[in-house]
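> output the structure for:
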Amino acid sequence: MMTASRLDVVPCAVRLLGISGSLRRGSYSTMLLRHLAARLPAEVTLQVVTLEEVPLYDADLDGANPPAGVAALKAAIAEADGLVLCSPEYNYGIPGVLKNAIDWASRPAFASPLKGKPSLVVTSSPGALGGVRAQAQVRDALAATLARPLSRPHVAIPVIGSRFRDGELVDATALEMLDGAVADLLQEVRLIRAATEAA
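Numbering: from 1, shown residues only. Modelled structure (predicted):
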């Protein structure tokens, strides 16, 4: 559980949406998101979604009645106060399934549910760099949609398999990084709420 001092940034209920960039049944990205959901304080919820039901982007289907999986994803993004995108790195870059989801969610251009959405990007890798190349690409794609990727040190977890034991994240360094990053996301949500209420 995050420390009490970091929880002071959360004045009321917050809904986060966690999007996994991997379809693999035993995905570490999905495991990280589910672990995060269990660590959050009672006033914060994290809904974890995977992307099996989102088809390849097709502009011919991009209209008032998109495919059901696309409509569900966009509705979940719209309802969330902030996003946590957790992804592996494939061949030095963003997985196609995650880029495809961002492409769908970015529509309509300049007025999509991603616009203005505070977004935390987390990457992991079996290798030594923790998916930093994918992290940069995810952040660039989000910026193109007018989302608000957090301006903070990247959360990139290397040698990810060694951080888990019996399906639980047990590495103290990774836990500290994740807790700090989520606290920063909650702070961003609070600041946006305050600005909206003052407008």
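> when you work out contacts or count neighbours from here on, use the C-alpha atoms and nothing else.
Noted.
> in this structure, which spans are helices?
Read by DSSP state H, the chain holds these helices, from start to end of the chain: 4-7, 28-39, 68-79, 96-105, 132-144, 172-198.
> between those, which one is closest to C86.
With distances scored as CA to CA, the stretch of the helices of the chain nearest to C86 is helix 28-39 (5.3 Å).
> so which elements touch that closest one?
Packed against helix 28-39 by the contact rule (3 or more CA pairs under 8 Å, 6 or more residues apart in numbering; DSSP states H and E) you find strand 14-20, strand 44-49, strand 82-87, strand 118-124, strand 168-169.
> reformat the ones you listed as a markdown table; add mean pLDDT.
As requested, those are exported to a markdown table (pLDDT from 0 to 100):
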| stretch | mean pLDDT |
| --- | --- |
| strand 14-20 | 98 |
| strand 44-49 | 97 |
| strand 82-87 | 98 |
| strand 118-124 | 98 |
| strand 168-169 | 92 |
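> count the neighbours of F164 for me.
Using other CA atoms under 10 Å, the number of residues around F164 comes to 14.
> how about the nearest residue to it once chain neighbours are set aside, phi and psi?
When the adjacent residues along the chain are set aside, F164 lies closest to V170, with 5.6 Å between them (CA to CA, 6 or more residues apart in numbering). Backbone dihedrals for V170, given as degrees, to the nearest 10, come out at phi -120, psi -10.
> look up how far A194 lies from V170.
Summarising the geometry, the distance separating V170 from A194, computed by CA to CA, to the nearest Å, is 35 Å.
> equivalent analysis for V122, please.
26 Å.
> again, but for E53
Distance from E53 to A194, by CA to CA: 35 Å.
> and what of L114?
The gap separating L114 from A194 is 19 Å, by CA to CA.
> so these two - more neighbours on which side?
Taking other CA under 10 Å, L114 and A194 do not tie; L114 has more neighbours (28 against 11).
> isn't that one right up against A144?
No - the pair L114 and A144 fails to qualify as a contact (CA atoms under 8 Å) at a distance of 10.0 Å.
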